[in-house]
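Engineer: Would you be able to build a 3D model of this:
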Amino acid sequence: MLQEHASVVLTQDLPASGLQVGDVGVVVHVHRGGEAYEVEFLSLDGATVALETLLATQLRAASRHDIPHVRAA
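Structural biologist: Next comes the predicted model:
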């Protein structure tokens, strides 16, 4: 189970929110013992791009082997 403040990687596009697979977010709340997570996605200047409630299957924990990639929102 992911913990609050964990960095996560999106594994499913969310077109309505402008999010794409590979976007990095931070868990801000854990729902129902890890069935779902409230995840905040930020721009590099700290502005919130999206705040989404996601199922555990829609994201994965970021690893030390991941390389962040920048794209315009």
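Engineer: Going along the chain, name the strands of this protein.
Structural biologist: Along the chain, counting by DSSP state E, strands occupy 7-10, 24-31, 36-42, 48-55, 59-61.
Engineer: Mean neighbour count and distance to Ala72 added to these, as TSV?
Structural biologist: (Each C-beta comes from the backbone N, C-alpha and C, glycine too.) Shown next, in TSV, are the strands of the chain (neighbours: other C-beta atoms under 10 Å; distance: least, C-beta to C-beta, whole Å):
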stretch	mean neighbour count	distance to Ala72
strand 7-10	18	17
strand 24-31	16	15
strand 36-42	19	14
strand 48-55	14	11
strand 59-61	16	22
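Engineer: how long is stretch 59-72 end to end?
Structural biologist: 21 Å (C-alpha to C-alpha, to the nearest Å).
Engineer: for stretch 25-45, same thing?
Structural biologist: Stretch 25-45 has its terminal residues 14 Å apart, counting by C-alpha to C-alpha.
Engineer: and the nearest residue to Leu14 once chain neighbours are set aside, what does it touch?
Structural biologist: Spatially, and ignoring its direct neighbours in sequence, Leu14 is nearest to Glu52 (6.5 Å; C-beta to C-beta, 6 or more residues apart in numbering). Residues near Glu52 by C-beta atoms under 8 Å, 6 or more residues apart in numbering: Leu14, Ser17, Leu19, Gly25, Glu38, Val39, Phe41.
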